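*Asks:* I'll drop the sequence and a predicted model, then ask my questions.
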Amino acid sequence: MIARRYIALTIFIVILMTSCNEKHKTNQTMPQDNKVSAKQILGNPDYLAISYGGYRKISRDSQPTIKQLKDDLKLLSAMGIKILRTYNVQENLPHASNVLEAIEQLKKEDSNFEMYVMLGAWIDCLNAWTDQPVNHDIESPNNAGEIDRAVALANQYPDIVKVIAVGNEAMVKWATSYYVQPNVILKWVTHLQDLKQDGKLPKDLWITSSDDFASWGGGEDQYHVADLEKLIHAVDYVSMHSYPYHNSHYNPEFWGVPESEENMADIDKIQSAMKRAVEFSKRQYDSVANYMKSIGANKPIHIGETGWATVSRGFYGPHGSKATDEYKQALYYKLMREWTNKEGISCFYFEAFNEKWKDAHHPNGSENHFGLFTIAGKAKYPIWDLVDQGVFEGLTRNGNPITKTYNGDKAALMEDVLVPPTLNEIMAHR
């Protein structure tokens, strides 16, 4: 009897130890999502990033439903996108919180679904977006609530929110409607870092601000102030924006066809111009890195925004820099992904879907047409190959299956592609 009990006890111990070992192995190879940190995913080419807004209508008062958001996220996941950037957590605009809820639901429905968020908190100066005189030296009283809501969401969804970004282009001087001084951004970044230290935010949550390259010291000397130096030392990484698309009008020297290329075929001129556009972004990236080095800061730099519009009747269209079309967008998207993936830089490409509220009074304004998808769900030329590969099969947007723009007719698409002006022409009009 004793022998039988001994044998049974031995078998039980072996089974228990085996079970514990298997569980230990599982925990080693399958870490819980809240253990995946920003440090692990930013700069990782297996975690492609994109800027996302799910708005379909001409006003943000019309919020996309959870179902619509989930449809969008399935499309982005099929593309290999695993990090989204949102922009605000304003009190009456639940877009960001709904995105987080949509991701949570998708994770429950499919244990393999993986998506993380860089959560933006919008920062303004006093009287921004009002008919009162703006005061760039005093911040809006709304900022505190914005930060509080971002903190609440980061704590509610610690397995999804991996970054909080304090402000969007909130320090750059050309944002005349709302920009603030660097001390305001520094104040809130320090506040969030203190919450991490006090255990009131996840310790592996990264804090940054997302702004134009110039605001991070890569531009004019007017930005090189003590508070910016303190800010760079305070953030976990620098999130910088770079837009050669806009600079094809404002700083077009890189964009024009040089005299040495004027006899090239048109398609070669276009391809060469797009390579110069990427080199333009690389120089801006390097300028920020050099400034950071000059102040003794050693932080990662990732690209918080860059993109290329496909429609413009303004500065970038047929009567302007001729930068705008789907063919150029495809070249830019491909070249930027190749560069950033190779160098370990996250690139939050702007943006996933067209959003027509951005320039509501001008349907053909470029701001409405940066998406890789149209609002109806047509895939633009940069991702036609994904349609061919069937990655969107069974997925929809607004109930529509994913098809190609121009009905997939590249010859029709190329009719809208214009050659950039020559450098001599650009200089003659300056």
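*Replies:* Thanks, I have it. Here the structure is a predicted model, which is why all the values come from computation and not from measurement.

*Asks:* pull out the buried positions in stretch 385-404.
*Replies:* By 16 or more other CB atoms under 10 Å, the buried positions in stretch 385-404 come out as 386-387, 391-392, 397, 402, 404. (Each C-beta comes from the backbone N, C-alpha and C, glycine too.)

*Asks:* just the ones in strands from those residues, please.
*Replies:* Among these, DSSP state E puts Arg397 in strands.

*Asks:* how about TSV for the buried residues of stretch 385-404, with distance to Ile83 added?
*Replies:* Formatted as TSV, the buried residues of stretch 385-404 follow (distance: CB to CB, whole Å):
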residue	distance to Ile83
Leu386	18
Val387	23
Val391	18
Phe392	20
Arg397	20
Ile402	21
Lys404	26
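
*Asks:* which one of the buried residues of stretch 385-404 sits closest to Glu101?
*Replies:* In terms of CB to CB, no member of the buried residues of stretch 385-404 lies closer to Glu101 than Arg397, at 18.9 Å.

*Asks:* so the closest one versus Asp385, what's the distance?
*Replies:* 18 Å (CB to CB, to the nearest Å).

*Asks:* check Asp61 too.
*Replies:* 36 Å.

*Asks:* cool, and Ile66?
*Replies:* Look at Ile66 and Asp385: by CB to CB, they are 30 Å apart.

*Asks:* again, but for Glu91
*Replies:* Glu91 is 41 Å from Asp385, by CB to CB.

*Asks:* cool, and Glu393?
*Replies:* The value you get for Glu393 to Asp385, if CB to CB is used, is 14 Å.

*Asks:* re the thing from before, among the buried residues of stretch 385-404, which ones are in helices?
*Replies:* Here DSSP state H is the test, and the buried residues of stretch 385-404 give 386-387 as lying in helices.

*Asks:* Leu195: which of the buried residues of stretch 385-404 is nearest?
*Replies:* If you rank those by distance to Leu195 using CB to CB, Arg397 comes first, at 37.3 Å.

*Asks:* residues contacting that closest one?
*Replies:* 71-72, 75, 353, 373, 376-377 (CB atoms under 8 Å, 6 or more residues apart in numbering).

*Asks:* ok, Tyr116 next?
*Replies:* 36, 41, 47, 82-84, 160-162.

*Asks:* any chance of those residues in CSV, with pLDDT, distance to Asn364 and neighbour count too?
*Replies:* Converted to CSV, these look like this (pLDDT from 0 to 100; distance: CB to CB, whole Å; neighbours: other CB atoms under 10 Å):
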residue, pLDDT, distance to Asn364, neighbour count
Val36, 94, 41, 18
Ile41, 98, 37, 19
Tyr47, 98, 34, 19
Lys82, 98, 33, 19
Ile83, 98, 31, 23
Leu84, 98, 27, 25
Ile160, 98, 36, 23
Val161, 98, 36, 26
Lys162, 98, 36, 27
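
*Asks:* okay, and which of those map to helices?
*Replies:* In this view, those that belong to helices under DSSP H are Ile41.

*Asks:* quick one: low-confidence residue ranges for the protein.
*Replies:* For the chain, the stretches flagged by pLDDT under 70 are 1-34.

*Asks:* in contact with Lys322, which residues?
*Replies:* 316, 418-421.

*Asks:* now for these, which pair is the farthest apart?
*Replies:* Among these, Tyr316 and Val419 lie farthest apart (CB to CB), at 14.1 Å.

*Asks:* helices along the stretch 101-250 of the chain, start to end?
*Replies:* 143-156, 182-197, 226-234, 244-250 (DSSP state H, counting those that start in this stretch).

*Asks:* in this structure, which residue is closest to the centre?
*Replies:* Nearest to the geometric centre of the chain sits Phe348, at 2.9 Å (CA atoms, centre = their mean).

*Asks:* measure that residue to Asn92 for me?
*Replies:* 25 Å.

*Asks:* swap in Asp212?
*Replies:* Distance from Asp212 to Asn92, by CB to CB: 28 Å.

*Asks:* these two: which is more packed in?
*Replies:* Asp212 (25 against 7; other CB atoms under 10 Å).

*Asks:* ok, now which ones touch Asn98?
*Replies:* Asn98 neighbours (CB under 8 Å, 6+ apart): 63-64, 66, 69.

*Asks:* so it, which of the three states?
*Replies:* Assigned state for Asn98: helix (three-state reduction, DSSP: H, G, I helix; E, B strand; the rest coil).

*Asks:* before we move on, the earlier item: turn the helices of the stretch 101-250 of the chain into JSON lines, columns for distance to Asn341.
*Replies:* JSON lines is the format used below for these (distance: least, CB to CB, whole Å):
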{"stretch": "helix 143-156", "distance to Asn341": "27"}
{"stretch": "helix 182-197", "distance to Asn341": "28"}
{"stretch": "helix 226-234", "distance to Asn341": "25"}
{"stretch": "helix 244-250", "distance to Asn341": "18"}
